[in-house]
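[1] following is a predicted model, sequence given first.
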Amino acid sequence: QVQLVESGGGLVQAGGSLRLSCNASGRTFRTYRTGWFRQVSGKEREFVAGISRSGGVKYYADSVKGRFTISRDNAKSTVFLQMNSLKPEDTAVYYCWVRTFYARDYWGKGTLVTVSS
């Protein structure tokens, strides 16, 4: 069982920045693929960004490319999402995700990001 705890959400004006963090329990975080998804009430959860186990490969949804940056610190079992130039349409609950070496998925409880216009 992997516990994921997100932090860093909040209210920000359009054009502002936020940095999300997600800390994972256990000592095998370096073996996990990880990333971020988001969900708006009444809509499906959508992919935002992902990162490989080593951090060498990163991939993004088209809607956030050039504005968001994903990174990870395997020593601290933490994945980050730096969000710049935020837009009102980025408003959502952001969820941390990991996939273990045995292809089991775990999700955090989510952190709310609200971008005001």
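    Yep, it's here. Bear in mind the structure is a predicted one, so any value in this text is a computation, not a measurement.
[2] hey, where'd the strands end up in the chain?
    4-7, 10-13, 18-24, 33-39, 46-51, 58-60, 68-73, 78-83, 92-99, 105-107, 111-116 (DSSP state E).
[3] can I get the fifth one as PDB, trimmed to CA atoms?
    Provided in PDB are the C-alpha atoms of strand 46-51 (Å, rounded to 0.1, in the frame of the first residue of the first chain):
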ATOM      1  CA  GLU A  46      -7.500  14.200 -17.200                       C
ATOM      2  CA  PHE A  47      -3.700  13.700 -17.500                       C
ATOM      3  CA  VAL A  48      -1.600  16.700 -16.800                       C
ATOM      4  CA  ALA A  49       2.100  15.600 -16.600                       C
ATOM      5  CA  GLY A  50       4.100  12.400 -16.100                       C
ATOM      6  CA  ILE A  51       7.800  11.600 -15.300                       C
END
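[4] got the angle for it vs strand 33-39?
    Put simply, strand 46-51 runs at 160 degrees to strand 33-39, going by axes from the mean of the first three to the mean of the last three CA atoms, to 10 degrees.
[5] give me the angle between strand 46-51 and strand 68-73.
    50 degrees.
[6] what's the answer for the longest one, then?
    Computed by the same axes, to 10 degrees, the angle separating strand 92-99 from strand 68-73 equals 40 degrees.
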